[in-house]
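Peer 1: sequence and predicted structure are below.
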Amino acid sequence: MKKHIYHNLLLIGTVLLGGTMFAQTITGNVSDSNGAIPGVNIIVKNTSKGTVTDFDGNYAIDNVDPNAILVFSFLGYTTKEVSVNGKTVVDVVLVEDSQALDEVVLVGYSSRKKSTLTGAVSIVNMSDMEKTRVTNVTQALQGQIAGVQVTSSTGAPGDPVEVRIRGEGTIGNNNPLYVVDGIPSRDINFLNQADIKTITVLKDASAAAIYGSRASGGVVLITTKSGAIGKTSFDIEYWTGIHNAANLPKMLNAEQYMNTVEKAWNNSDRTGTNPYTADKGRSDFADTNWLDELFETGRSQNLQFTASGGSDKVQFLMSLGYYGQDGIVIFDNDKYKKINYRTNINADLTDRLKIGTNLQLSYATQDKLSSKGDAPGIIRHALIRPPVIPVYKDVNDPTYSERDPFTDLPFYLNNDRDNGGWESDKYEWSSNPIALAYFTDDVRKDFRTFGNVYAEYAFLKNKELKFRTNVGVDLSFIHNKTFGKNFGDDDGGGNATDQGLGRQNRPNNLNEERGEARTITFNNTLNYNKTINNKHDISALVGTEFISNYASSIGASRSRFDITDDTFRYLDYGGTGPVDLWNSGSASEWTLFSLFGSGSYVFDSKYMVTANLRADASSRFSEKNRWGYFPSISAGWKISDEDFLKDLTWLSNLKLRAGWGKLGNQEIDNYAYLTLISQTDGKVVVNRYGNEDLKWESSESTNIGVDMGFFNNKLAISAEYFVKNTSDILLPIGLPSIVGDVAPTIVNAGKVSNKGFELSVNYRNSDNEFKYGINANMGTLINKVEKLHPNVPNLIGQVTRTEVGQPLNAYYGYKMIGIYQTQAEIDSYLSGTLNPSVKPGDIKFDDINNDGIINSDDRKFLGSSIPDLTYGFSFSSSYKNFDFSFLFQGVEGVDRYNDGKQILDYDTRPFNYTTNILGAWDGAGSSNTIPRVAFEDNGSSKVSSIFVEDASYLRLKNVELGYNINSLKGIQNIRLYVSGQNLFTSTDYTGLDPESTDLMDRGTYPSSKSVLFGVNVKF
């Protein structure tokens, strides 16, 4: 018995010792056609044991079974499995596939090989995008894709960004649909740029119809990064930057200003002594450059930490990011902060069942400053406030206080006009922009949870059929809190309760709003892919989707706070009188149920056809029009695989594509089809008559394209022409007054067309030590209104008019053709006008109908707010340990109404001027472009071509130089870099920034010129 025990122990020991003796260390090198590849993940299959290659592509793994299988994976290369077979040295050559036509591309609820795409699908080059260093992911798309225009609404930190894909097709919402990891959203500001793996843009209906009623503005598909097979790796990046205002106008100094307003008085019908002549040389005058006082050097910093890894069964990724920016306006009340956390887990429970989850949390805080000339107009007032007014009051001024040391009303002493204590009539009622910036307290907070859980199961012998179920949540909570602290001089206004208070925020007040929005998405798809005899590729998809949205908000305000310290800026501490209280609350909801399907057939990799159909039912429409149907079909022919072209070695790819489809737009107000009523004092009143015939806006598009590749696809060219017609556009129609005072009823009435040509050129050369890539793209656009309702022949804005035959929101007014030089010229030109009021030096407008009278009949269309051309050009390169890249982006054929110019150099009030006014008309022959300066209308009160300026620009969006250090033990790579943003702008626009989404530029917070310094460590 004892002998048997010894025998068993000896046998076990031998097995264990043998396992140890025969386990071995594997070394090797991983390379591609150009040399060693650092950072390749290597894992022993079915274990968590692994490593990564060093800078020279070398690796070593201890205790590897002689029969093990090694899995080699690296982004942009085909994953490769190699059997050890007892060897101790395993060298591997990976095949690059990032530029191959067989690259897999996300196209909706499924993916396709790039070589089989038949729609207008553009793939963002992530290596170029990663070097743009932006806070909003959509900004990184600028200049990257033909036909996609990205515009920052302002340069203020945290302000929104506008994306337009192939123009504007509707008077309403033109924003694209974003789909992040299969979950749709209208806003992706919560995303962290460092978390993004791929971005694909579906530009035409044949590609986007699978998203049906929400895709008329195009679709942007985004996948976030996941963990990779291999040992846990860490990535830490930090950068900090400085930001400064650029391209600021040159304003008059005090001496120039006094000479100008003196001349303006003399040029006007004023009586008595010129007050500005007497004021020259006053001891209490300052020489303030308000723009210099307002703008300071802004600061920013970004920290990103990522950890990822896993076995061939389970992969994980966790990232944490922080971004903070203090803007370029003084006093730190234009700050923006964002914290992101994301976790991702994917697990293969069996060889057929896969599950996974993505969870993103973000918390953003924006100190909101008036950034568009909107009240209180901080930047606008910095432009117009006269330079003779100092920033701060003299401490001996009787109105001075430590709480409010800023000047307000010009040279104000007391509220006594008759005794010379109030000089605002001479130097105008502008506000002190420095005081406005100091007292601004407007904080916007947004907490957002975005994520999904999915499961996927593969059926059939070769897993050709896959079922995927996906549940996503998009949950946000907002909290906006604004406190208006009373300040400024007492102008004698206000009600009896507030007598003696300053004129700004009189009385002090607090506004607070809290809200939540919740969107639940549940989609299920059944996807079939089969290749038969290496000739027939068949793909089919069917699915359902249910989306439910609920939003609610509650708001309240109080005024007349006795104590205004931060500690007491809460509703409970405000006044309780009936005029001090206000509150509100509301909620809304909508749902969308969808059925969709897609089919694709490819024969011999040469002939391909794809069809999509989606049916959507939206609660935003009445039952009779609830369902909308959105079909598409597209086809392709890969001519380069035909026998008659196969011998052309320089031609790698030639494919023709064509597609047609319909898209929808359900982005209208909830309950727009219903009649709204209210009750006042027991009386029921109709506020708006409903329209149960309301239906979808429909966008029909046709796309023809060609894809070409040369020299083993080093050079790739894509060109396409498209026509997109949007019909049944929703218009508000006002009813006759006899019906009563009711809001307009929404009807389907308009039609808008967009057509254009797009071209993309890419060249990549990695044959030598100096590697480089070039990406150039351009897109043209012709936008035209084709139809409006008979009762609404045009839509009139403040400076625009939307009319059949013209672009949406075209500028409309009088055309300036010169300056009247003499009275004789006036009398001759205005022959039909009795006693014309204009004078020599006034603006001469085009008399279109030649009746000798300038009136509304002489107005015309002056320009378009929609660009004719968008383009981008990027360059990236590397040489040994150095890398260098830059990106130019621009637009052409776009106009903007420069209201800031109108209020500066052409206003009838004594605001400040730019130095352009020094060239104003000052006698016959002196100027034919700038009218006389005057305190009376010289023609500048009219909406005219003077203020419609060409806002075309070319901007160096980004330039970056990096250096890699990869010789440190235990660290895979360290990259040091310096980056510049908006360092150069070429434009004829005279406003603060040609890049803006507003139709009127009232004084836009400009995009800043930035320099960033960063380090990225991987280990």
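Peer 2: All right, it came through fine.

Peer 1: tell me where the stretch 251-400 of the chain has strands.
Peer 2: Per DSSP state E, counting those that start in this stretch, the stretch 251-400 of the chain carries strands over the ranges 298-310, 314-326, 335-348, 353-367.

Peer 1: quick one: which of those is nearest S979?
Peer 2: With CB to CB as the criterion, S979 lies closest to strand 298-310 of these, at 11.0 Å. In short, each C-beta sits where N, CA and C put it, glycine included.

Peer 1: name the strands paired with that closest one and say parallel or antiparallel.
Peer 2: Here strand 298-310 is paired, per DSSP bridges, with strand 230-245 (antiparallel), strand 314-326 (antiparallel).

Peer 1: for the ones you listed, please prepare JSON lines with the additional fields mean pLDDT, distance to L291 and mean neighbour count.
Peer 2: Formatted as JSON lines, the strands paired with strand 298-310 follow (pLDDT from 0 to 100; distance: least, CB to CB, whole Å; neighbours: other CB atoms under 10 Å):
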{"stretch": "strand 230-245", "mean pLDDT": "92", "distance to L291": "8", "mean neighbour count": "18"}
{"stretch": "strand 314-326", "mean pLDDT": "94", "distance to L291": "18", "mean neighbour count": "19"}
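
Peer 1: for N462, which of the ones you listed is the nearest?
Peer 2: Checking the strands paired with strand 298-310 against N462 by CB to CB gives strand 314-326 as the closest, at 23.6 Å.

Peer 1: list the contacts of D616.
Peer 2: Neighbouring residues of D616 by CB atoms under 8 Å, 6 or more residues apart in numbering: G212, S213, R214, L592, F593, S594, W627, G628, F630, G664, Q666.

Peer 1: any idea which of those residues is closest to K880?
Peer 2: Relative to K880, the closest of the contacts of D616 is R214; by CB to CB it sits at 47.9 Å.

Peer 1: need phi/psi at that closest one.
Peer 2: When quoted as degrees, to the nearest 10, the phi and psi of R214 stand at phi -120, psi 10.

Peer 1: so it touches W696, yeah?
Peer 2: No - here R214 does not reach W696: they are 10.6 Å apart, not a contact under CB atoms under 8 Å.

Peer 1: which residues do those two both contact?
Peer 2: With CB under 8 Å, 6+ apart as the test, R214 and W696 both reach G664, N665, Q666.

Peer 1: hey, where'd the strands end up in the stretch 1-150 of the chain?
Peer 2: Under DSSP E, counting those that start in this stretch, the stretch 1-150 of the chain gives strands at 24-32, 35-36, 41-44, 50-52, 58-64, 69-73, 80-83, 92-93, 104-106, 111-113, 121-123, 148-152.

Peer 1: out of those, nearest to Y721?
Peer 2: strand 121-123 (15.0 Å).

Peer 1: so where is the stretch 701-850 of the chain shaky, pLDDT-wise?
Peer 2: For the stretch 701-850 of the chain, applying pLDDT under 70 flags the ranges 737, 739.

Peer 1: how close does L581 sit to D851?
Peer 2: 58 Å (CB to CB, to the nearest Å).

Peer 1: then G484?
Peer 2: Distance from G484 to D851, by CB to CB: 51 Å.

Peer 1: out of these two, which sits in the more crowded spot?
Peer 2: Ranked by neighbour count (other CB atoms under 10 Å), G484 and D851 place G484 first, with 22 against 14.

Peer 1: tell me the pLDDT at the nearest residue to that one once chain neighbours are set aside?
Peer 2: Leaving aside its chain neighbours, G484 sits nearest to N505 (3.6 Å; criterion: CB to CB, 6 or more residues apart in numbering). With respect to pLDDT, N505 scores 95.

Peer 1: now the one 5 residues further on
Peer 2: Among the per-residue scores, L510 holds a pLDDT of 97.

Peer 1: from the contact counts, what lies against the helix or strand harbouring it?
Peer 2: L510 belongs to strand 509-532 when assigned by DSSP states H and E. Applying 3 or more CB pairs under 8 Å, 6 or more residues apart in numbering; DSSP states H and E, one finds that strand 509-532 contacts strand 183-185, strand 465-484, strand 536-559.

Peer 1: point out the most buried one among those strands.
Peer 2: strand 183-185 (a mean of 21; mean count of other CB atoms under 10 Å).

Peer 1: off-centre distance for that one?
Peer 2: When C-alpha coordinates are averaged (CA atoms, centre = their mean, to the nearest Å), strand 183-185 and its chain have centres 16 Å apart.

Peer 1: show me what stretch 836-855 is in contact with.
Peer 2: Under the contact criterion CB under 8 Å, 6+ apart, stretch 836-855 has outside partners 267, 814-823, 825-827, 829-833, 857-860, 921-922, 924, 931-932, 934, 938-940, 942, 944, 946.

Peer 1: can you rerun that using 7 Å?
Peer 2: 814-823, 826, 829-833, 857-858, 860, 921, 924, 931-932, 938-940, 944, 946 (CB atoms under 7 Å, 6 or more residues apart in numbering).
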